[in-house]
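Enquirer: Got a predicted structure here, sequence first:
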Amino acid sequence: MRFVLALLAAAALFGCRTQAQAVARIHVDLASQTMQVTSGEGEDYDWPVSTGRPGYRTPTGAYRPQRMYPTWYSRKYDNAPMPHAIFFSGGYAIHGTYETRWLGRPVSHGCVRLSPAHAATLYDMVKREGASILITGRAPGGEAVASARPGRLRASRLWRGTLYRDDGALYAPRFSPYEAPLRTWSVYPLDGQ
């Protein structure tokens, strides 16, 4: 019996952790385009980010990191560099960007972008501590954007003749010969909306 107790004590002393480790908490606020990070070791950060632009949504909810890469290139968007990528939901990731002049505005295809230095700091912290990721809010300008050419409706980019959906109301901020009138939108609702 003493032998079993000695083994259990040794296991507890040399390798079995009974206390929960502190994890980094990451909160992305889509409305303010900021990320607040609180390390389990007491460090606090508040960084500007860029999330999904109109037509490309950043998913909201609570997540955990699924996989991490110090260097990654987007297979979907022309091998765009994604330094210090932390994937949290399918193809969505928190990663660095070299387009730092756009931080603080929603311009991505759905990922959460940070400056390269901030992404490296976050990557090291998550690798060391683990993380919980919370994404809340709604990006400025709404999430759904659509464009129409005669006889065709589809999701599109902001600069291709657009109509915006904001709180269920459709309006045309500018006129283009490629934009369908509002009556067309009421007859042909947006796919997936």
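Expert: Received the coordinates, thanks. Numbering: from 1, shown residues only.

Enquirer: what sits against Pro48?
Expert: Neighbour list for Pro48: Gln33, Thr34, Met35, Leu103, Gly104, Ser115 [criterion: CB atoms under 8 Å, 6 or more residues apart in numbering]. C-betas here are computed from N, CA, C, even on glycine.

Enquirer: Low-confidence stretches in this protein?
Expert: Residues of the chain meeting the criterion pLDDT under 70: 1-21, 141-193.

Enquirer: Please parse it into its domains.
Expert: What automatic domain parsing lists as the domains of the chain is 24-136, 144-187.

Enquirer: which one of these is the most hemmed in?
Expert: Ranked by average neighbour count under the criterion mean count of other CB atoms under 10 Å, these are headed by domain 24-136 at a mean of 18.

Enquirer: all helices of the chain, in order?
Expert: Applying DSSP state H to the chain gives helices spanning 2-14, 116-129, 182-187.

Enquirer: list the helices and strands the second one packs on?
Expert: With contacts defined as 3 or more CB pairs under 8 Å, 6 or more residues apart in numbering; DSSP states H and E, the packing partners of helix 116-129 are strand 24-29, strand 44-48, strand 67-69, strand 85-89, strand 92-96.

Enquirer: how about these, which one is nearest Gly130?
Expert: With respect to Gly130, and counting by CB to CB, the nearest of those is strand 24-29 at 7.0 Å.

Enquirer: angle of that closest one against strand 85-89?
Expert: When axes from the mean of the first three to the mean of the last three CA atoms, to 10 degrees is applied, the directions of strand 24-29 and strand 85-89 differ by 70 degrees.

Enquirer: so what secondary structure elements neighbour strand 24-29?
Expert: If you count contacts as 3+ CB pairs under 8 Å, 6+ apart, strand 24-29 packs onto strand 34-38, helix 116-129, strand 131-136.

Enquirer: can I get those in CSV with distance to Arg57?
Expert: Compiled in CSV, the helices and strands packed on strand 24-29 are given as follows (distance: least, CB to CB, whole Å):
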stretch, distance to Arg57
strand 34-38, 17
helix 116-129, 21
strand 131-136, 11
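
Enquirer: list the contacts for the residue lying closest to Asp29 once chain neighbours are set aside?
Expert: Closest residue to Asp29 apart from its sequence neighbours, by CB to CB, 6 or more residues apart in numbering: Gly137 at 4.9 Å. Counting by CB under 8 Å, 6+ apart, Gly137 touches Asp29, Leu30, Ala31, Ser32, Thr60.

Enquirer: again, only using 7 Å
Expert: Counting by CB atoms under 7 Å, 6 or more residues apart in numbering, Gly137 touches Asp29, Leu30, Ala31.
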